[in-house]
Each structure stands twice: as C-alpha cells, then as structure tokens.
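Engineer: No sequence on hand, only this structure:
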C-alpha cells in the first residue's frame, strides 16, 4: 500500500498515525518512517480492511441493540398499561 493510500485510509477511518501505531503495537516513529520507504508493510492493508469491517459491525450491533432495548421498553409499557398502546 502506498503512503498516500495509507494516509487516505486513516482519514476515512478517522484514525491518527499515533492511534494506529498504538493499536498495532508499533512505534510511532516506525510508522512515520514508512514515508521514506514509500510504502507500508504488507500486513497493513489487511489490518485496515479488518478494522473497517469491525467498525461497521460494531455500528450495526449498536443499532440493533438500541432497537431491541427500545422494543423492550415498549413491551414493558404495554404490560404496565394492560396492553393498551398509549
């Protein structure tokens, strides 16, 4: 992956290089040093792909959990008011 693509992916994922370095247990200076090589190590592309998928999964999970909680509240209200929709 080129450095330009790497930085673009970080922007899309709303990650700073320091955050990325901490997540992958790499030194920040090492990550910044990739600029001199002009490309990232091979594993970075798949790591970013998996990170993006995990973010999407977490967002979908949060939406579903929020919906289930809201549905449970509605069911509880219905029981309190004898099944009447109020």
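Structural biologist: Good, I have the coordinates. None of the values given here were measured: they were computed from a predicted structure.

Engineer: Nearest to the middle of this protein, which residue? Look it up for me.
Structural biologist: Centroid check for the chain by CA atoms, centre = their mean gives residue 55 as the closest residue, at 2.5 Å.

Engineer: mind checking the SS state of it?
Structural biologist: For residue 55, the assignment made with DSSP: H, G, I helix; E, B strand; the rest coil gives helix.

Engineer: nearest residue to it other than its sequence neighbours?
Structural biologist: When the adjacent residues along the chain are set aside, residue 55 lies closest to residue 13, with 6.9 Å between them (CB to CB, 6 or more residues apart in numbering). For every residue, glycine as well, the C-beta is placed using N, CA and C.

Engineer: From what I see, the one you found and residue 47 are in contact.
Structural biologist: No. Taking contacts as CB atoms under 8 Å, residue 13 lies outside contact range of residue 47: 10.8 Å.

Engineer: Settle it for me: which of these two has more neighbours?
Structural biologist: Regarding residue 13 and residue 47, a neighbour count based on other CB atoms under 10 Å identifies residue 47 as having more, with 16 against 13.

Engineer: Next up, the contacts around that one.
Structural biologist: Taking CB atoms under 8 Å, 6 or more residues apart in numbering as the contact definition, residue 47 lies against residue 24.

Engineer: any idea how far residue 66 is from it?
Structural biologist: Taking CB to CB, to the nearest Å as the criterion, residue 47 is separated from residue 66 by 29 Å.

Engineer: Check residue 14 too.
Structural biologist: Counting by CB to CB - residue 14 and residue 66 are separated by 21 Å.

Engineer: again with residue 51
Structural biologist: Noted for residue 51: a distance of 23 Å to residue 66, by CB to CB.

Engineer: So the two - more neighbours on which side?
Structural biologist: When neighbours are counted by other CB under 10 Å, residue 51 comes out ahead of the other of residue 51 and residue 66, with 16 against 10.

Engineer: Please give me every residue in contact with the more buried one.
Structural biologist: Contacts were defined as CB under 8 Å, 6+ apart; by that measure residue 51 touches 13, 23.
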